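# Below: sequence and its predicted model.
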Amino acid sequence: DAGITQSPRHKVTETGTPVTLRCHQTENHRYMYWYRQDPGHGLRLIHYSYGVKDTDKGEVSDGYSVSRSKTEDFLLTLESATSSQTSVYFCAISEGTGVNEKLFFGSGTQLSVL
Amino acid sequence: EDQVTQSPEALRLQEGESSSLNCSYTVSGLRGLFWYRQDPGKGPEFLFTLYSAGEEKEKERLKATLTKKESFLHITAPKPEDSATYLCAVQASGDSWGKLQFGAGTQVVVTP
């Protein structure tokens, strides 16, 4: 999966609990993204980063925060998990050069909020 | 508002039975249209990028085409290993790279 590791791969948590998902890349790509995938909705962008400490909101950012302190790591935090955040979360990376850009995705984290 | 609609939702094919998947889109200026393949339990895998109407790209049994309002993914003489969900996504010209609008996908099952 293009040098992208997501952890954990599966997590079950309770409503109101904070949760952090980690994405680690070995490609030294500038851009990193968090998407969620739900049946009938396709993939939706949560947050993305265009460099260390540079982040921006996506389409469905409410209830999520992100941090990027190193090029290789991008963290997604659910401050207080809700059942509506049960989903499969995918991290993606891209070079950010603007030429023949494409996203490379990790294997995903299955999160269940009970 | 940018929208991407894929049809059909699901497609069952016999091995060797060619077919096409549709991706219709509305976007305020198209920077690129992307096709991805997704296997169960895995992340999407990049297939093609199309940039302008009339463009075509091919890879093995897959061929993607683009018009001003839709894209087609043609699967010629499919094999069981072509079974997957195929995702279409668009990027608007005003958006940052990677801010893609995805369709819900077409699940393709190819039986021997």
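Good, I have the coordinates. Numbers count the residues shown, from 1 in each chain, chains lettered A, B, ... in the order given.
# can you pull the contacts of A:I46?
A:W34, A:Y35, A:R36, A:G58, A:E59, A:V60, A:S61, A:Y64, A:V66, A:L76, A:Y89 (C-beta atoms under 8 Å, 6 or more residues apart in numbering or on different chains). C-beta here means a position set from N, CA and C on the backbone, and glycine is covered the same way.
# pretty sure the second one belongs to a strand, no?
Yes - the assignment for A:Y35 by DSSP: H, G, I helix; E, B strand; the rest coil puts it in a strand.
# Could you give the bridge partners of it?
A:Y35 has these beta-bridge partners by DSSP bridges: A:L45, A:F90.
# I figured it hits A:I93, correct?
No - counting by C-beta atoms under 8 Å, A:Y35 sits too far from A:I93 to count as a contact (11.6 Å).
# show me what contacts the closest residue to chain A within chain B?
When scored by C-beta to the nearest C-beta, chain B has B:G43 as its residue closest to chain A, at 3.2 Å. Neighbour list for B:G43: A:D1, A:I4, A:F90, A:A92, A:F105, A:G106, A:S107, A:G108 [criterion: C-beta under 8 Å, 6+ apart].
# could you redo the last one with a cut-off of 10 Å?
Applying C-beta atoms under 10 Å, 6 or more residues apart in numbering or on different chains to B:G43 gives the contacts A:1-2, A:4, A:6, A:35, A:37, A:43, A:88, A:90-92, A:103-108, B:36.
# which residue packs closest to it, ignoring adjacent ones?
Spatial nearest neighbour of B:G43, chain neighbours left out: A:F105 (3.2 Å); criterion: C-beta to C-beta, 6 or more residues apart in numbering or on different chains.
# neighbours of that neighbour, just the number please.
Number of residues near A:F105 (other C-beta atoms under 10 Å in any protein chain shown) recorded here: 24.
# hang on, the earlier thing: A strand includes the residue of chain B closest to chain A, no?
No - under three-state DSSP, B:G43 falls outside any strand and is assigned coil.
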